[in-house]
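In: how would this look folded up:
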Amino acid sequence: MQTFIIIGGVAGGASAAARLRRLNETARIIVIERGPYISFANCGLPYHIGSVISERDSLLVTRAAFFSKRFNVEVRTATTATAIDPAAQTVHVVDNTTGESASLRYDALVLAPGARPRIPPVSGTDVSGVFSLRTMQDMDAIIAFVKEKSPAQAVIAGGGFIGLEVAENLHHLGIKVTIVQRGPQVMKHLDTEIAAALHKHLRSQGIELRMGNAMRDIAPTGNGLAVNLENGDRLSCDMVVAGLGVQPESDLARAAGLEISDSGGIVVNDRLQTTDPRIYAVGDAIEVRHLVSGCRTLLPLAGPANRQGRLAADNICGADRAFAPVQGTEIIGLFGMAAGRTGLSEKELASGSQPFGTALIHPLHHAGYYPGARQMTLKLMFSRPDGRILGAQAVGCEGVDKRIDVLATAIRAGLSVHDLAGLELAYAPQFGSAKDPVNMIGFVAENILNGRVHTAGWHEVELLSKTHTLLDVRTPAEFAAGTIAGAVNIPLDELRDRLDEVPRLPLLIFCAVGLRGYLAARILAHHGFECRNLSGGYTTYSLVMRNST
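Out: Below is the predicted model of the structure:
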């Protein structure tokens, strides 16, 4: 009888165990999990802290007894795998409760150890009131502290997924929250325009942002904690939560002599085998290949981990299936706003050698004449000269998930901006528009790719203003309410009658969101003017200038 051992439960490990049993009824399957639960919804932990998810037990995806009974799997919770001997094909384990140890032999081994929180490398992280969030026990500790101490102020170190979600949920409990982030923005994988919208929204909800800074140390005080920042500022608070992201739990694999990448991830091939073909690895601990860049990357997301667990089981049972490269599709919801991405960002593309272009629009999420239409921001990155889609990002209060999912599918299918323009998507006025935002971003990208319009980004305005005349084609009322310094105002609908007022210099044209600017650029191009349209218009420019940090 074959023996399959899985180290780690949660997403990848539990998926591997269940799939193994479905494919092989006679094998002995053992799951080693150092925590008390074989699988829990770690993405839901922040929401139970804030009572958005009211029942703690609803976070338990499955219980050990149920899983063991249904799948005939030996589940050893509260058990730590302390060593792997690849030559002998054994795993040494210790029962955390009794201290008893054992050596288990395997025919195939699956590593699903996950990732551990990054803790700020400063003094004071071990004092009372300082937390990280990875497990149910971590969540319980935070909830108990809040109930017992009734904290008034919290500092979150880091503006990634966990940091932001904890910030929102502590805010729901009436706690004043400050986010400290070493970099210039939250959600570092987002481009500046998209992050700026999150900054504005977070501040509107009362969240304080300290961007471009980091903690120097944490010190207990007579009535709480003091967080000292590298710039000399001192933040008084009652609790601190580390939200700096995660790093692979690869120590066990490293000690076993398996190859570990420079990023700390376990190296696997496309069959999810490590450098020992009898040992597979899945989930947050492994390094995977990116679909668009072709580079190796870490991607600690539940969706890929589940698929990897299933595929590793298939290969153990004789299949020959390759794990497809990832594209980093992700989304976060904060105070009713969502921000999502897929593929590569403009920042990532700018550091490479791939020629690319960008398009940015601010469409309504459904037909404007139907009540409740909300504006969103949609950004697309595409290759030159073929227009293949390289990445997309979106932010808004409605419709973000739908567009990111469509564009993620388009990237996977190898579609181009020309294909986006022709996609037939579901339409009724309460769901979308006859020309969906996905179609619209395709139209805009096509025009850029074909040279029908030349664009400039918000970050180019300062430099271009030295050589270009800034032409604001909005209405006089819009112009009076705020414009870019030095701009001349000639409304679009008066432009044809006032061509003699337009300087015969290169023009940087802008409107509110880019559409009127495009129309003006087409008019002026036909009259021999050299012009560029500001991508995303004054909306994007002013948003970034006010909320870039």
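In: tally of neighbours for D314?
Out: The number of residues packed near D314 is 18, by other CB atoms under 10 Å. In this view, the C-beta of every residue, glycine as well, is placed from N, C-alpha and C.
In: how about the residue nearest to it when sequence neighbours are not counted, what does it touch?
Out: In this structure, D314 finds its nearest non-sequential neighbour in R321, 5.2 Å apart by CB to CB, 6 or more residues apart in numbering. Counting by CB atoms under 8 Å, 6 or more residues apart in numbering, R321 makes contact with 271, 311, 314-315.
In: Also P385?
Out: P385 makes contact with 355, 449, according to CB under 8 Å, 6+ apart.
In: Got the phi and psi for it?
Out: With angles defined as degrees, to the nearest 10, P385 sits at phi -100, psi 0.
In: Please report how far it lies from A413.
Out: The gap separating P385 from A413 is 20 Å, by CB to CB, to the nearest Å.
In: Quick check: the two most widely separated of the contacts of R321?
Out: Farthest pair in the contacts of R321 (CB to CB) is R271 and D314. Separation: 9.3 Å.
In: can you give me the helices in the stretch 51-200 of the chain?
Out: Taking DSSP state H, counting those that start in this stretch, the helices of the stretch 51-200 of the chain run over residues 64-71, 136-149, 161-172, 192-204.
In: So which residue is dead centre in this structure?
Out: E330 (4.5 Å; CA atoms, centre = their mean).
In: which stretches of the stretch 51-200 of the chain have low pLDDT?
Out: Scanning the stretch 51-200 of the chain for pLDDT under 70 picks out nothing.
In: As a check, name the ranges of all strands in the stretch 51-200 of the chain.
Out: Using DSSP state E, counting those that start in this stretch, the strands of the stretch 51-200 of the chain run over 60-62, 74-76, 79-85, 90-95, 101-105, 108-111, 115-117, 130-131, 153-157, 176-181.
In: Next, format those as a markdown table and append mean neighbour count.
Out: Shown next, in a markdown table, are the strands of the stretch 51-200 of the chain (neighbours: other CB atoms under 10 Å):
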| stretch | mean neighbour count |
| --- | --- |
| strand 60-62 | 17 |
| strand 74-76 | 21 |
| strand 79-85 | 18 |
| strand 90-95 | 18 |
| strand 101-105 | 13 |
| strand 108-111 | 28 |
| strand 115-117 | 18 |
| strand 130-131 | 20 |
| strand 153-157 | 25 |
| strand 176-181 | 22 |
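In: would TSV of these with distance to F510 be doable?
Out: Below are the strands of the stretch 51-200 of the chain laid out as TSV (distance: least, CB to CB, whole Å):
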stretch	distance to F510
strand 60-62	50
strand 74-76	61
strand 79-85	59
strand 90-95	63
strand 101-105	66
strand 108-111	53
strand 115-117	43
strand 130-131	46
strand 153-157	36
strand 176-181	30
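In: between those strands, which gets nearest to H459?
Out: Set against H459 and scored by CB to CB, those come closest in strand 176-181, at 20.1 Å.
In: and the closest one, C-alpha only, in PDB?
Out: Output of strand 176-181 as PDB, limited to C-alpha atoms (Å, rounded to 0.1, in the frame of the first residue of the first chain):
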ATOM      1  CA  LYS A 176      -8.800  55.100  15.400                       C
ATOM      2  CA  VAL A 177      -6.300  53.600  13.000                       C
ATOM      3  CA  THR A 178      -3.000  54.900  11.600                       C
ATOM      4  CA  ILE A 179      -1.300  53.000   8.800                       C
ATOM      5  CA  VAL A 180       2.500  53.200   8.600                       C
ATOM      6  CA  GLN A 181       4.100  52.200   5.300                       C
END
